[in-house]
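Colleague: The sequence and its predicted three-dimensional model are supplied below.
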Amino acid sequence: MPKWFSPAVLVCGLMFVVSPFVIANAPYESTMGLVQKIFYYHMPSAWMFLTASLICGVASARFLATGTARYDRTAWASAEMAVLFGLLTLVTGPLWARRAWGTWWVWDARITSSLVGWMIAWAYLILRRYGGPGSEKLAAGLALFGMANVPFIYVSVNYWRTIHPATTVVPTLPFSMGFPLLFCLTAFLMLFVLLMKLRVRVALEQSRLDDIYLALDEQRL
Amino acid sequence: MLRAIWLIVRKDLTVEVRSREIAYTTLFFAVACVLVFAFSLVQEGRAAEGVGPGVLWMAIMFAGNLALGRTFERERQAETLRALLLAPAPRPAVYLGKLTGIVVLLAVTEAVLVPLVALLFQARLLAHPFWLAAVVATGTIGFAAVGTVFAAMLVRARSRDVLLPVLLYPITVPVIIAGVRATLALVQPDFNASLVQFWLALLVAFDVVFVTLALWTFEPVMTD
């Protein structure tokens, strides 16, 4: 692991410990009150979910095009990140929506495409786990199809009705709300990078171990 | 290229016409599905408003999943998929041939499903037959375009029977949304052509994008 890894883990852990206090100090939003503070965790996890899905799709496309195992490991790791951060997004979202909109779930474009994207990430992992040998190319194809699918879901659901706030609200936030948001965003980004690094490393060690086993088998023969 | 596609379609259809295995099982399964929906959704002799289109598309997707699985299972059992891939035909031609075969098979199933759903759910599905044909055809092509790649890729995978729907249904969500919405617009008493056109355009775009992607991915995923 690189030298910066352990200090970065420490900093990231500290940021998550401090983040509730930073969020508590942020002002109350005028109409939603306390429940709006979920936003400081909801949006960063949603962005990390989106980043992970994009990395998974792009890495899969490159793996299909080049056949380099490195891209495959990246895709696998980011699919796991997508499932994790997607879960955080899909749990914090309804909690907020229940108070803000009065309902747990709405069939809104962004929410529906997140749900389907999350399901595709799950399908990817299920395929990797239970697909048997040769499933990595299959999974890469799935990730590629999944990425191409998202705009279609977005447009089709958008044609009904959308009440989810647009992300254009972010640059207009006052500093007192913008700072906690940036703080949490940084913490989530660090967590994402660290987990990703760790997961890719594990996958690399696994493939090395497999190579060693294969080499041993050949020697015995 | 066109000749290779035609030969593969002819081969699949000849096998099917002789055994009729997949056509009969798929058709019977689709009818059984519609009956199950009818028993659970029709109350006091009347179906709830606007249920028909949803039932039609669910039956198409369930039956399609079954047909896709069986088509490639047959190739696997006889080890003929390997022969097909070794044949001097370009991979995209193999894909397009398989896709055409499945679309034809599903079209036969749909020809029975549409009147059946219209009858059991009192839906005016046949009010605009040409529009309905366009919607069902584009939807089926989109569904089968994705399904053919996945079913072909899964031939060598373990637990492929369960994995096919797990992979296929999330990806084809836009097909079911657009298909159901367009069909729903068709059965309304006041027909709104622009609404149907929007969904039809979305389905056509889906078909174009996913057939292109499938043609590109079929080569790398089916090689090794």
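Modeller: On my side now, so go ahead.
Colleague: And the spatially most central residue of chain A, how close does it get to chain B?
Modeller: Against the mean C-alpha coordinate of chain A, by CA atoms, centre = their mean, the closest residue is residue A:49 at 2.4 Å. Using CB to the nearest CB, to the nearest Å, we find residue A:49 at a distance of 15 Å from chain B. Glycine gets a C-beta too; all of them are placed from N, C-alpha and C.
Colleague: backbone phi and psi for residue A:3, please?
Modeller: phi -60, psi -30 (degrees, to the nearest 10).
Colleague: Next one, pLDDT for the residue nearest to the centre of chain A please.
Modeller: Per-residue confidence at residue A:49 stands at 91 (pLDDT).
Colleague: Quick one: residues contacting it.
Modeller: By CB atoms under 8 Å, 6 or more residues apart in numbering or on different chains, residue A:49 lies in contact with A:82, A:85, A:86, A:88, A:89, A:114, A:117, A:118.
Colleague: Out of the residues you listed, list just those in helices.
Modeller: Among those, DSSP state H puts A:82, A:85, A:86, A:88, A:89, A:114, A:117, A:118 in helices.
Colleague: Quick check, the first one in contact with residue A:54.
Modeller: No: with contacts defined as CB atoms under 8 Å, residue A:82 does not count as touching residue A:54, sitting 9.2 Å away.
Colleague: Settle it for me: which of the two has more neighbours?
Modeller: residue A:82 (30 against 14; other CB atoms under 10 Å in any protein chain shown).
Colleague: Check what pLDDT that one gets.
Modeller: Taking residue A:82 on its own, its pLDDT is 93.
Colleague: With residue B:52 instead?
Modeller: pLDDT recorded at residue B:52 is 90.
Colleague: likewise the one 10 residues further on?
Modeller: Residue B:62 is assigned a predicted lDDT (pLDDT) of 94.
Colleague: Okay, buried residues for the helix or strand hosting residue A:73 please.
Modeller: Here residue A:73 sits within helix A:69-100, counting by DSSP states H and E. Using 16 or more other CB atoms under 10 Å in any protein chain shown as the test for burial, helix A:69-100 gives A:71-86, A:88-90, A:92-93, A:96-97, A:100.
Colleague: Over to stretch A:189-200?
Modeller: Buried residues in stretch A:189-200 (16+ other CB under 10 Å): A:190, A:191, A:192, A:194, A:195, A:196, A:197, A:199, A:200.
Colleague: Stretch B:203-215 too?
Modeller: Buried residues in stretch B:203-215 (16+ other CB under 10 Å): B:203, B:205, B:206, B:207, B:209, B:210, B:211, B:213, B:214, B:215.
Colleague: tell me what the helix or strand of chain A with the lowest mean pLDDT is packed against?
Modeller: Least confident helix or strand, chain A: helix A:135-158 with a mean of 84, by mean pLDDT, DSSP states H and E. With contacts taken as 3 or more CB pairs under 8 Å, 6 or more residues apart in numbering or on different chains; DSSP states H and E, helix A:135-158 sits against helix A:39-66, helix A:69-100, helix A:109-130, helix B:129-154, helix B:160-171, helix B:173-187, helix B:193-221.
Colleague: Kindly recompute the last result at 6 Å.
Modeller: helix A:39-66, helix A:109-130, helix B:160-171, helix B:173-187, helix B:193-221 (3 or more CB pairs under 6 Å, 6 or more residues apart in numbering or on different chains; DSSP states H and E).
Colleague: Now render those as TSV, adding distance to residue A:140.
Modeller: TSV is the format used below for these (distance: least, CB to CB, whole Å):
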stretch	distance to residue A:140
helix A:39-66	4
helix A:109-130	9
helix B:160-171	12
helix B:173-187	20
helix B:193-221	8
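Colleague: any idea which of these is most buried?
Modeller: With neighbours taken as mean count of other CB atoms under 10 Å in any protein chain shown, the helices and strands packed on helix A:135-158 reach their highest mean count in helix B:173-187, at a mean of 24.
Colleague: Mean confidence (pLDDT) on stretch B:86-106, please.
Modeller: Averaging pLDDT along stretch B:86-106 yields 89.
Colleague: Alpha carbons of that stretch, in CSV - could you do that?
Modeller: Provided in CSV are the C-alpha atoms of stretch B:86-106 (Å, rounded to 0.1, in the frame of the first residue of the first chain):
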residue,chain,number,x,y,z
LEU,B,86,-16.6,-21.8,-35.8
ALA,B,87,-18.5,-21.4,-39.1
PRO,B,88,-17.0,-18.9,-41.5
ALA,B,89,-19.7,-16.3,-40.7
PRO,B,90,-19.0,-13.0,-39.1
ARG,B,91,-20.0,-12.7,-35.4
PRO,B,92,-22.5,-9.9,-36.0
ALA,B,93,-24.3,-12.1,-38.6
VAL,B,94,-24.6,-14.9,-36.0
TYR,B,95,-26.1,-12.4,-33.6
LEU,B,96,-28.5,-10.9,-36.1
GLY,B,97,-29.6,-14.3,-37.2
LYS,B,98,-30.3,-15.4,-33.7
LEU,B,99,-32.1,-12.1,-32.9
THR,B,100,-34.3,-12.5,-36.0
GLY,B,101,-35.3,-16.0,-35.0
ILE,B,102,-36.3,-15.0,-31.5
VAL,B,103,-38.3,-12.0,-32.8
VAL,B,104,-40.2,-14.2,-35.2
LEU,B,105,-40.9,-16.7,-32.4
LEU,B,106,-42.1,-13.9,-30.1
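Colleague: Test my guess that residue A:199 contacts residue A:77.
Modeller: Yes: contact criterion CB atoms under 6 Å: residue A:199 and residue A:77 qualify, at 3.8 Å.
Colleague: what does stretch B:9-16 rub up against?
Modeller: B:97, B:100, B:101 (CB atoms under 6 Å, 6 or more residues apart in numbering or on different chains).
Colleague: re the thing from before, got a list of what the closest residue to the residue nearest to the centre of chain A other than its chain neighbours touches?
Modeller: The shortest distance from residue A:49 to any non-neighbouring residue, by CB to CB, 6 or more residues apart in numbering or on different chains, is to residue A:85 (4.0 Å). By CB under 6 Å, 6+ apart, the contact set of residue A:85 is A:45, A:48, A:49, A:52.
Colleague: now the longest helix seen in chain A: how far from the chain's centre is it?
Modeller: Using DSSP H, we find that the single longest helix of chain A is helix A:175-220. Relative to the mean C-alpha coordinate of its chain, helix A:175-220 is positioned 13 Å out (CA atoms, centre = their mean, to the nearest Å).
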